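1. The following comprises the amino acid sequence and a computationally predicted model.
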Amino acid sequence: MRWIVASLRELIGLFVDDGSLAVTALIWLAVCGLVLPPLGVAGAWLGVALFAGLAVILAENARRAARRQPPAA
Amino acid sequence: MIDWAHAGPSLVAAFLASLVEFIEALTVVLAVGTVRGWRPALLGTALGLAVLFLLVVILGPALALIPLDVVQLVVGTLLLLFGLRWLRKAILRAAGVIALHDEAQAFAAETALLRQGAVIDRGWDKLAIAAAFKIVMLEGIEVVFIVIAIGAAGGLLVPASVGAVAALLVVVLLGVVLHRPLARIPENALKFAVGVLLCAFGAFWVGEGIGVAWPAADWSILALIAGFLAVALASVPLCRGAARPAAR
């Protein structure tokens, strides 16, 4: 049983390192898939919105992580 | 017939991503072989590869039964999470916020751990077999996932698999020749590049799944690669600057 739990934890760890990065990215994907198209954002612009949101999420999350940790020796 | 010019980005992405994973696996297998003997190291490796092969044989055909848009959305989402996690870590390493991964150090730590382990039983060294099996399974699952994620959604499983097999051959060849961990490989630069590629492929497949009309179809992947690369490169000095006040 402990082996299964450890394996599952390792498997989840492949995709999720920082929980807030994964959750924010998933929320943005849901917004792009469910909210933006009814608002008229579609076609190529939906792709632009998808990329721009992910870029901001990544940059902001990395900057926040850097602020939390002192530089490595 | 595969259009290799079209399949190039998938092949390169699978090759680079698999190369990083195989180097990490090689480090541990070499440590096991050096400390506990080559027989259990190779036996654990062979067992791990056999289980991986079974996984691919079982999971591969099952993918064909799922509708393509579902595969694109699910695999794209997983690929994106995988790539964002990898790229974030590579940015923080390049900025000096977290320490660089050092294969020589990992090798030393693994050999020290194995020396502390149970007394070596030349007949059936379970500790050594388990250590080699575990690392081959763990890194191998990542490679299988990367190959499926990069190749399955676009019908490019063959070039993605060719990239992964080429990476395996390169690492095995270097391991046989050098007999020590590949410490000189610029691993963070590789991870940086792979993170960019995985994010670009992930965003592309998620876009396909939610109905994005990508301009120039698959060629948009190149624009996404350029976009994620620009964001990641710009983030490095920003992170360095953000970390500095904490050090004072």
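-> Alright, I've got the coordinates.

2. going forward, measure contacts and count neighbours with C-alpha atoms only.
-> Noted.

3. What mean pLDDT does whichever strand or helix holds B:Lys89 get?
-> Taking DSSP states H and E as the criterion, B:Lys89 maps to helix B:68-94. Helix B:68-94 carries an average pLDDT of 87.

4. Show me what the next helix-or-strand element following that helix is packed against.
-> Using DSSP H and E, the helix or strand that follows helix B:68-94 in sequence is helix B:103-116. Packing partners of helix B:103-116 (3 or more C-alpha pairs under 8 Å, 6 or more residues apart in numbering or on different chains; DSSP states H and E): helix B:4-36.

5. the inter-axis angle of the helix it packs on versus helix B:103-116?
-> Put simply, helix B:4-36 runs at 40 degrees to helix B:103-116, going by axes from the mean of the first three to the mean of the last three C-alpha atoms, to 10 degrees.

6. on that earlier part again, let me know whether the helix holding B:Lys89 sits next to chain A.
-> Yes: applying C-alpha under 8 Å from any C-alpha of the partner chain, one finds helix B:68-94 touching chain A at B:77-78, B:81-82, B:84-85, B:88, B:91-92.

7. list the buried ones in that helix?
-> Judged by neighbour count using 16 or more other C-alpha atoms under 10 Å in any protein chain shown, the buried positions of helix B:68-94 are B:68-69, B:71-94.

8. In which helix or strand does residue 58 reside?
-> Reading this off chain A. Element membership of A:Leu58 [criterion: DSSP H and E] is helix A:43-68.

9. The intended chain is chain B.
-> Per DSSP H and E: helix B:38-64 holds B:Ile58.

10. Quick one: distance of that helix to the chain centre.
-> 16 Å (C-alpha atoms, centre = their mean, to the nearest Å).

11. For it, name the packing helices and strands.
-> Taking 3+ C-alpha pairs under 8 Å, 6+ apart as the contact cut, helix B:38-64 packs with helix B:4-36, helix B:126-151.

12. Rebuild the ones you listed as CSV, extending it with mean pLDDT, distance to B:Ser235 and mean neighbour count.
-> Formatted as CSV, the helices and strands packed on helix B:38-64 follow (pLDDT from 0 to 100; distance: least, C-alpha to C-alpha, whole Å; neighbours: other C-alpha atoms under 10 Å in any protein chain shown):
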stretch, mean pLDDT, distance to B:Ser235, mean neighbour count
helix B:4-36, 81, 22, 22
helix B:126-151, 83, 25, 22
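
13. Can you tell me which of the ones you listed is nearest to chain A?
-> helix B:126-151 (7.6 Å; C-alpha to the nearest C-alpha).

14. and the closest one, what does it pack onto?
-> Against helix B:126-151 (3+ C-alpha pairs under 8 Å, 6+ apart) you get helix B:4-36, helix B:38-64, helix B:68-94, helix B:157-178.

15. and with 7 Å instead?
-> Secondary-structure packing of helix B:126-151 (3 or more C-alpha pairs under 7 Å, 6 or more residues apart in numbering or on different chains; DSSP states H and E): helix B:4-36, helix B:38-64, helix B:157-178.

16. Who are the packing partners of the last one?
-> Here helix B:157-178 touches helix B:4-36, helix B:126-151, going by 3+ C-alpha pairs under 7 Å, 6+ apart.

17. how far is that helix from where the chain is centred?
-> 12 Å.

18. Which residues does that helix contact?
-> The contact list for helix B:157-178 (C-alpha atoms under 7 Å, 6 or more residues apart in numbering or on different chains) reads B:7, B:10-12, B:14-15, B:18-19, B:22-23, B:147-148, B:150-151.

19. any idea which helix or strand comes after that helix?
-> Toward the C-terminus from helix B:157-178 - assigned by DSSP H and E - lies helix B:187-210.

20. buried ones in that next one?
-> B:187-188, B:190-210.

21. Specify the angle between that helix and helix B:4-36 in degrees.
-> Using the same axes, to 10 degrees: helix B:187-210 against helix B:4-36 is 130 degrees.

22. could you give the angle of helix B:187-210 to helix B:126-151?
-> 50 degrees.

23. re the thing from before, can you give me the offset of the helix holding B:Lys89 from its chain's centre?
-> 12 Å.

24. Please name every helix or strand in contact with that helix.
-> Using 3+ C-alpha pairs under 7 Å, 6+ apart, helix B:68-94 is in contact with helix A:43-68, helix B:187-210, helix B:220-247.

25. Need the helices and strands packed on helix B:157-178 in TSV (columns: distance to B:Gly241).
-> Below are those laid out as TSV (distance: least, C-alpha to C-alpha, whole Å):
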stretch	distance to B:Gly241
helix B:4-36	28
helix B:126-151	33
